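A.B. asks: Just a sequence and a predicted model for now, questions to come.
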Amino acid sequence: MVIKDYVLLMKPRVIWLLILAAIAGYIFAAAPSINIAYIGELALVGLLSTGGSAVFNMYYERNIDAQMSRTRNRPIPAGRVSPENALIESLILSIIGFALSYVWLGLLPTIFVVLGWFFYAIVYTVLLKCRSWSNILIGGIAGNAALLTGWTIARPLDLEAVLLSMAIYLWIPAHIWSLVIRSRDDYARTCIKMLPLEMSEDEAMMMVAILNVVSNAYMLFLYILILRNLIGLVILLATVAWSSYYSVKAIIKPIGRSSGKCLSQAHPC
């Protein structure tokens, strides 16, 4: 057993964004009376629950992953972790995450923890990913749930919380669709339904670019309407920079693509 493979099943390069969203939600709601203990508890609960949902995603999509050059070396399709062990890992992580959330954070935050898990693992992965390109539009609610988990620790749910969570919701489709454009041929070999596959590559790139402009404009609107402080400005600038970087990186064709060579190690052709 290689511990690294079990960690990789949790998609560590992805779930930390949701963990940060939960922490940001708490900081926005609690400032200036921020409890460091809550931040640590949120981080651990987020690691366990989102990690558990990611492992379930890996377990459920193991046959799809085996068809894609980008994902066929993941622990399950590569044979380094058995599907049964992956499912057990998912259940253990998720159950412990839910339990700790209830004990440490309370009922309402735990409801959002469970909702986030459900929308990613069940709604997005099981029900929609191979049935409708709207999968990410509905499954993206998991991003809202992450921020609202943190928010409801400190304050009741309100319009301000929902508006802030929508910044994450707008970012998720742009990020996912950018990756689809970059690995278009890979996705086309599977049952996965994604909107960029329903149009030409140029049209898809234009759609993602417009969505990013809308997303960045929306975050600027939030700053003017709600945040209006140094913390909000730092988070806004970091988020806009991150969003723009990933979109540009994903949309630009990899070097050597037209010649049949692939020089990208992070996202193989």
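C.D. replies: Perfect, I can see it now.

A.B. asks: helix/strand/coil for Ile192?
C.D. replies: coil (DSSP: H, G, I helix; E, B strand; the rest coil).

A.B. asks: my read: it touches Asp65, true?
C.D. replies: No: at 10.7 Å, Ile192 does not count as touching Asp65 under the criterion of Cβ atoms under 8 Å. Where C-beta positions appear, they are placed from N, C-alpha and C, glycine not excepted.

A.B. asks: hey, where'd the helices end up in the chain?
C.D. replies: Taking DSSP state H as the test, the helices found in the chain are 3-8, 12-30, 36-60, 62-67, 83-104, 107-118, 135-139, 141-154, 159-182, 184-188, 201-222, 230-251.

A.B. asks: What about Leu170, how many residues nearby?
C.D. replies: Other residues lying near Leu170 total 19 when counted by other Cβ atoms under 10 Å.

A.B. asks: where's it relative to Tyr218, distance?
C.D. replies: Plainly put, Leu170 is 6 Å away from Tyr218 if you go by Cβ to Cβ, to the nearest Å.

A.B. asks: Likewise for Gly140?
C.D. replies: With the distance defined as Cβ to Cβ, Gly140 ends up 14 Å from Tyr218.

A.B. asks: The two - which one has more neighbours?
C.D. replies: Set Gly140 next to Tyr218 and count neighbours by other Cβ under 10 Å: Gly140 wins out with 22 against 16.

A.B. asks: what's near enough to touch that one?
C.D. replies: 119, 124, 169, 172-173 (Cβ atoms under 8 Å, 6 or more residues apart in numbering).

A.B. asks: Could you list which residues are in contact with Leu115?
C.D. replies: Neighbouring residues of Leu115 by Cβ under 8 Å, 6+ apart: 141-142, 145.

A.B. asks: which of these tops the neighbour count?
C.D. replies: Ala145 (27 neighbours).

A.B. asks: That one contacts Thr110, doesn't it?
C.D. replies: No: counting by Cβ under 8 Å, Ala145 does not reach Thr110; the two are 11.0 Å apart.

A.B. asks: about what we covered before: switch the helices of the chain over to JSON lines; also include distance to Leu128 and mean pLDDT.
C.D. replies: Shown next, in JSON lines, are those (distance: least, Cβ to Cβ, whole Å; pLDDT from 0 to 100):
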{"stretch": "helix 3-8", "distance to Leu128": "24", "mean pLDDT": "96"}
{"stretch": "helix 12-30", "distance to Leu128": "18", "mean pLDDT": "92"}
{"stretch": "helix 36-60", "distance to Leu128": "12", "mean pLDDT": "97"}
{"stretch": "helix 62-67", "distance to Leu128": "14", "mean pLDDT": "96"}
{"stretch": "helix 83-104", "distance to Leu128": "19", "mean pLDDT": "98"}
{"stretch": "helix 107-118", "distance to Leu128": "13", "mean pLDDT": "98"}
{"stretch": "helix 135-139", "distance to Leu128": "4", "mean pLDDT": "96"}
{"stretch": "helix 141-154", "distance to Leu128": "12", "mean pLDDT": "97"}
{"stretch": "helix 159-182", "distance to Leu128": "13", "mean pLDDT": "90"}
{"stretch": "helix 184-188", "distance to Leu128": "15", "mean pLDDT": "93"}
{"stretch": "helix 201-222", "distance to Leu128": "19", "mean pLDDT": "85"}
{"stretch": "helix 230-251", "distance to Leu128": "22", "mean pLDDT": "67"}
